[in-house]
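Asker: here are the coordinates; sequence isn't available:
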């Protein structure tokens, strides 16, 4: 019984830890842990400690010596340096390294409070409170994912080994609970802010997809009209060709048999007919090129875009295994929005597979396939999750339907982007388990792309 409880507890801890990793903003974490920012922090700490020792006014009221204080800065310095010593740290590992750095920062703040006089105790207490708020905000401290609080406990607890004063202990009886409260409040606030920002981003994608879809529908109607016009142009052009031949014959005849005044008239007629023919040919060519006017060709970039999309999602779901089946040679496709559209299509599909129906029970293995079928490029995403619900398989993506507790923007965005580019989406479940989604996109023949 004890082993089963322990196994269940460890499973809950792993699940909570994975959820905490997915909550992180890796781009911002990378930005604040660059070598340049770390050197600036180190230089700033050294300058402040030198000022505290060598400026008489500060030394009198704060009373901190440089070398003892800098010695207690070593844990934060070493843990921060470890990030830069390690080469090519995966982005989803950075929050773990940052926990060590934050513990060192808390320890350093506590050491400064212990070493300083009462005035310095209050000043560095404010710095301690600020650090708790900053790391709670940076690392998304929440009651469901309380891992950042361990760095606060470790850093503060380690300061007891220094030999704290009575004033320090009394001060920390107030400051530590306040720091915990700020830690939780800012972390929880940042988490909900992130949720709103992600939802806004997905909503913007959906609006963009809907606009593309509506514009594509209007263009399709215009193309039908254009086909009639081009047919008429073709017939007119045939008659003009006959007129050109006749006018040329008349011009040659006039040059031999008619007076010079009539000859000039026939020459003008011949020139006017030729100009009309050139105008019709130019109009026909412009209308043929208009189809590719707002689109961006993607050829060899397809594999790169797919791999980068998988990398972005893998950073959020490091426990998921991603597999690819991509041909060596790929055709060219023309998409409105180019690479960005393909990113949106693929990342929405991958995120849906990773999150699952309730946002927790997602797939553990996802396969991305790419193949050609006649003049169609087929993008397939298969997973071993719980599959798509029956109503979605029966009705398709007709509105903002959701496979989990959300607004359902993901599949709707994919559907609209595919349709706006002349493609379609097919929803299936595999016989064993998991979803099987196909995206069909028309590709462009090389000669058509260069016309």
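Answerer: Yep, it's here. Here the structure is a predicted model, which is why all the values come from computation and not from measurement. Numbers count the residues shown, from 1 in each chain.
Asker: Do I have it right that residue 102 meets residue 131?
Answerer: Yes: with contacts defined as Cβ atoms under 8 Å, residue 102 counts as touching residue 131 at a distance of 7.4 Å. All C-beta atoms are positioned from the backbone trio N, CA, C, and that covers glycine.
Asker: Counting neighbours, go ahead and name the busier of those two.
Answerer: More crowded of residue 102 and residue 131, by other Cβ atoms under 10 Å: residue 102, with 27 against 20.
Asker: Helix or strand: which one has that one?
Answerer: Secondary structure assignment for residue 102, by DSSP states H and E: helix 94-115.
Asker: list the helices and strands the helix or strand just after that helix packs on?
Answerer: Proceeding N to C from helix 94-115, the next assigned helix or strand is helix 118-138, under DSSP H and E. On a contact count with 3 or more Cβ pairs under 8 Å, 6 or more residues apart in numbering; DSSP states H and E, helix 118-138 meets helix 26-32, helix 94-115, helix 148-158, helix 166-257.
Asker: contact partners of helix 118-138?
Answerer: For helix 118-138, contacts defined as Cβ atoms under 8 Å, 6 or more residues apart in numbering pick out 28-29, 32, 61-64, 98, 102, 105-106, 109-110, 112-113, 116, 141, 148, 151-152, 167-168, 171, 175, 178-180, 182-187, 189-190.
Asker: how about 7 Å then?
Answerer: For helix 118-138, contacts defined as Cβ atoms under 7 Å, 6 or more residues apart in numbering pick out 61-64, 102, 105-106, 109-110, 112-113, 116, 148, 152, 167-168, 171, 175, 178-179, 182-184, 186-187, 190.
Asker: Next, the buried residues of that helix.
Answerer: Residues 120-121, 124-125, 128-129, 131-138 are the ones in helix 118-138 that count as buried (16 or more other Cβ atoms under 10 Å).
Asker: With distance to residue 80 added, can I get the residues you listed in CSV?
Answerer: Output for these, formatted as CSV (distance: Cβ to Cβ, whole Å):
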residue, distance to residue 80
120, 24
121, 25
124, 19
125, 23
128, 18
129, 21
131, 13
132, 18
133, 19
134, 14
135, 13
136, 18
137, 18
138, 14
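Asker: so how far is residue 178 from the closest residue in space to residue 72 that isn't next to it in sequence?
Answerer: Of all residues not flanking residue 72 in the chain, residue 111 sits nearest, at 3.6 Å (Cβ to Cβ, 6 or more residues apart in numbering). Using Cβ to Cβ, to the nearest Å, residue 111 is found at 19 Å from residue 178.
Asker: Those two - which one has more neighbours?
Answerer: residue 111 (23 against 14).
Asker: quick one, what contacts that one?
Answerer: Contacts of residue 111 (Cβ under 7 Å, 6+ apart): 69, 72, 159, 162.
Asker: Let's see the pLDDT reported for it.
Answerer: Looking at residue 111, its pLDDT is 93.
Asker: now the one 4 residues further on
Answerer: According to the model's per-residue confidence, residue 115 sits at a pLDDT of 91.
Asker: ok, now which ones touch it?
Answerer: By Cβ under 7 Å, 6+ apart, the contact set of residue 115 is 64, 68, 69.
Asker: domains for this protein, by residue range?
Answerer: Structurally, the chain divides into domains by automatic domain parsing as follows: 2-204, 218-293, 296-449.
Asker: picking that back up, any chance of TSV for the contacts of residue 111, columns distance to residue 370 and secondary structure?
Answerer: Conversion of the contacts of residue 111 to TSV gives the following (distance: Cβ to Cβ, whole Å; DSSP: H, G, I helix; E, B strand; the rest coil):
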residue	distance to residue 370	secondary structure
69	59	helix
72	56	helix
159	56	helix
162	60	helix
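Asker: Just send these back as a markdown table, with neighbour count and distance to residue 321 too.
Answerer: Output for the contacts of residue 111, formatted as a markdown table (neighbours: other Cβ atoms under 10 Å; distance: Cβ to Cβ, whole Å):
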| residue | neighbour count | distance to residue 321 |
| --- | --- | --- |
| 69 | 19 | 48 |
| 72 | 20 | 44 |
| 159 | 22 | 43 |
| 162 | 16 | 46 |
